[in-house]
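Trainee: Sequence first, then the predicted structure:
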Amino acid sequence: MSNTDFVLAVEGLTVSFDGFKAIDDLNLYVDRGELRVVIGPNGAGKTTLLDLICGKTKASAGSIKFKNTEMTRLPEHMIVRAGIGRKFQTPSIYENLSVFKNLEVSFPRGRGVFGALGFKCDDAVQAKVDEVAAMIGLADRLDLEAGLLSHGQKQWLEIGMLLMQDPELLMLDEPIAGMSARERELTADLLNRICQNRSVIVIEHDMDFVARIAHKVTVMHQGKILAEGSMDKVQSDPKVIDVYLGH
Amino acid sequence: MDAIKHWLTRGGYGSLLILAVLLLVVFPLAMDLFRLNLVGKYLTYGFVAIGLVMLWGYGGVLSLGQGVFFGLGGYAMAMFLKLEASDPESTKIQSTPGIPDFMDWNQLTELPWWWEPFNSLPFALFAVVAVPTLLAFIIGYAMFKRRVGGVYFAIITQAVALILTVLIIGQQGYTGGVNGMTDLRTLLGWDIRTDEAKYTLYFVTVFLLLGSIMLCRWIQLSKLGTLLLAMRDKEDRVRFSGYDVSMFKVFAFCLAAALSAIGGAMFTLQVGFMSPSFVGIVPSIEMVIFAAVGGRMSLVGAVYGALLVNFGKTYFSESFPDLWLFLMAALFISVVMAFPNGLAGLYESHVKPWLTRRKAAPATTPEPPAPGAETTANIASPTSSGTASPTSKISISTKVSSQSA
């Protein structure tokens, strides 16, 4: 495969579980600064796709290139260090630690064993925590134990933990699941702000929300890409209406 | 004054200070040498217990084979002492004078090559820490890199404990077999069997133990300590934040091994022998009970746990020798069921709130809006102390980490 200008280039990606192809010969290209939304019916392979990109699942065949570097054979933590951040579907935060500690521990310094021993929370870390906390609306909750946050705040905190690392590609799996209408609005604003200097891939079901944030939409079905393009184009595609959006 | 108070509360050094006074002043004054020597022996198990606090309490990895490292540390020390006790003069009745007596009984005619370096004390002291740590690194690296965890890891550590016991007993000519290494006498000419030596060794043990607690406390307060707690909570989140989770587990395992080994070496020095009965499965499980009873989240609590269970063992096994094992099992089960954070957890949830109320009460009575009362309550709030929140539950069979396909 030749080198490209895309931040992420997935080509011929296949993964099979006991013969069942959850992802089948899939190609996907994401531009720099793009916010891509992946939609599709349950079992289409959306989450599996994110799992493959971040290394949680190993691909059976195909290639995933991030900034023209092959990712498929790297261990998970090296993929993260290359600049790919992943948010899980259920809020995955450290419930027993304070909001501040949750963010501080995500700061990308002192990642080795002895680096972590010598890590000091200096002004740079403090400034970054304050900046991110303000962005996710938790600036006045820094000392609170993270387990006591509301569901929506937990989702934001996890996004904040990823922002601490300044990833070039951010992948969010259903970030607004379980959120109130007001929280959805705030999240849409947040996503529109954070995609300004990075690429973002979002998996989402809520079509109103998708319309608010998406630059481009990819529709997946049975491990393959069914359609791709602008929201309007996808919504009027008869194949998409057939399998996903309904008549 | 305020600075000292802050230091004591924030780092949890207040309880350490109380422990230090108890071990350095109260026990030596209140006990005869026989009892004090027993305490010294129990404290060597305290090293294992604080290692388990770091590995099991903080890292969430349960090892049922800490006796391996305790034993290896103890044997490394014993090898040096045995060689010193086996000079040609005192072994002249053997067919090969100058080698340890058990080698002579097993028809060995010269010292095995790997025994030679143990003629040097610096090498022996180095080996006390290095050999167990290296073994822990190899086991830990092989297991954690493959994402073996939870019960599977615990079972493997049990197997290692069994293997080492069988090896030591089987290789009688090299290890002293089931009797172990006995009749240890002097350390660089200094007789370790005298009363004066027993006192000295007791205080050396206490200082090493207090130093180890300070070191572990420092690690807990560093980012590494936070990461260990984070890993126990959400391992995948740590992994996908760019950390190599397995290496942090390897570190915790090596740390616990090194601490156990220091305990083992001090055990050999104070008791005067080392045998396979301190290596195997049963002693390894007992060591976990010390940490569980004391509180697996509390370094100081683990030391109390080691002291209490061992005193109990000595007392009950003298009075009811047949019942002791059942009592021990009942103790472990009741700790796990009733108070998962051990004695330290009981202190945090019951004694401390009561103390805080008592402290706050007189301050508030004369002047209801006294600001002093508020600060006291803040300082003593459970979150500012070293132990975990009471919500964290004990888990022996921590979840098996997902195996990658």
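Mentor: Happy to help now that I have it.
Trainee: And what about residue 95, helix, strand or coil?
Mentor: Assuming you mean chain A. In terms of secondary structure, residue A:95 is coil; the call rests on DSSP: H, G, I helix; E, B strand; the rest coil.
Trainee: My question was about chain B, not that one.
Mentor: In three-state terms, and counting by three-state DSSP, residue B:95 is coil.
Trainee: Count the neighbours of it for me.
Mentor: Residue B:95 sits with 9 neighbouring residues when counted by other Cβ atoms under 10 Å in any protein chain shown. C-beta here means a position set from N, CA and C on the backbone, and glycine is covered the same way.
Trainee: got it, and the one 3 residues further on?
Mentor: Here the neighbour count serves as a burial measure; for residue B:98 (other Cβ under 10 Å) it reads 16.
Trainee: and it, which of the three is it?
Mentor: For residue B:98, the secondary-structure state derived from three-state DSSP is coil.
Trainee: try residue A:29
Mentor: Quick answer, by three-state DSSP: residue A:29 is strand.
Trainee: That one is in contact with residue A:13, isn't it?
Mentor: No. Between residue A:29 and residue A:13 there is no contact under Cβ atoms under 8 Å: 11.9 Å.
Trainee: Check the gap between residue B:61 and residue A:187 for me.
Mentor: Here the criterion is Cβ to Cβ, to the nearest Å. By it, residue B:61 lies 37 Å from residue A:187.
Trainee: So which of these two has more stuff around it?
Mentor: Applying other Cβ under 10 Å to residue B:61 and residue A:187 shows that residue B:61 carries more neighbours, namely 27 against 23.
Trainee: Show me what residue A:199 is bridged to.
Mentor: On the basis of DSSP bridges, residue A:199 is bridged to residue A:169.
Trainee: Can you check the pLDDT for it?
Mentor: Model confidence at residue A:199, given as pLDDT, is 93.
Trainee: Toward the C-terminus, what is the element adjacent to the helix or strand encompassing residue B:216?
Mentor: When elements are defined using DSSP states H and E, residue B:216 is found to belong to helix B:195-221. Next in sequence after helix B:195-221, counting helices and strands by DSSP H and E, comes helix B:223-233.
Trainee: Now look at that following helix and say if it contacts chain A.
Mentor: Yes. Using Cβ under 8 Å from any Cβ of the partner chain as the criterion, contacts between helix B:223-233 and chain A involve B:223-224, B:226-227, B:229-230, B:233.
Trainee: Go ahead and flag the most central residue of chain A.
Mentor: In chain A, the residue lying closest to the centroid (Cα atoms, centre = their mean) is residue A:171, at 1.2 Å.
Trainee: That one should be in a strand, yeah?
Mentor: Yes. According to three-state DSSP, the state of residue A:171 is that of a strand.
Trainee: List the contacts of it.
Mentor: A:50, A:53-54, A:84-87, A:200-202 (Cβ atoms under 8 Å, 6 or more residues apart in numbering or on different chains).
Trainee: Restricted to strands, list the residues you listed.
Mentor: Secondary structure assignment (DSSP state E) places A:84-87, A:200-202 from the contacts of residue A:171 within strands.
Trainee: And the furthest pair within the residues you listed?
Mentor: A:84 and A:202 (14.3 Å; Cβ to Cβ).
Trainee: The two: which is more packed in?
Mentor: Ranked by neighbour count (other Cβ under 10 Å), residue A:84 and residue A:202 place residue A:84 first, with 31 against 25.
Trainee: which stretches of the stretch 51-200 of chain B aren't confidently modelled?
Mentor: Scanning the stretch 51-200 of chain B for pLDDT under 70 picks out no residues.
Trainee: Just give the nearest non-adjacent residue to the residue of it found nearest chain A, would you?
Mentor: Residue nearest to chain A within the stretch 51-200 of chain B: residue B:145 (9.4 Å; Cβ to the nearest Cβ). With sequence-adjacent residues excluded and distances taken as Cβ to Cβ, 6 or more residues apart in numbering or on different chains, residue B:145 is closest to residue B:246, at 5.0 Å.
Trainee: quick one: pLDDT of the one you found?
Mentor: The confidence metric pLDDT takes the value 94 at residue B:246.
Trainee: same thing with residue A:182?
Mentor: At residue A:182, the model reports a pLDDT of 91.
Trainee: That one falls within a helix, correct?
Mentor: Yes. With three-state DSSP as the criterion, residue A:182 is assigned to a helix.
Trainee: Check which helix or strand residue A:36 maps to.
Mentor: Counting by DSSP H and E, the element that carries residue A:36 is strand A:35-39.
Trainee: Strand partners (parallel or antiparallel) of that strand?
Mentor: Sheet neighbours of strand A:35-39, with direction, are listed as strand A:199-203 (parallel), strand A:216-221 (parallel) (DSSP bridges).
Trainee: Give me the buried positions along it.
Mentor: A:35-39 (16 or more other Cβ atoms under 10 Å in any protein chain shown).
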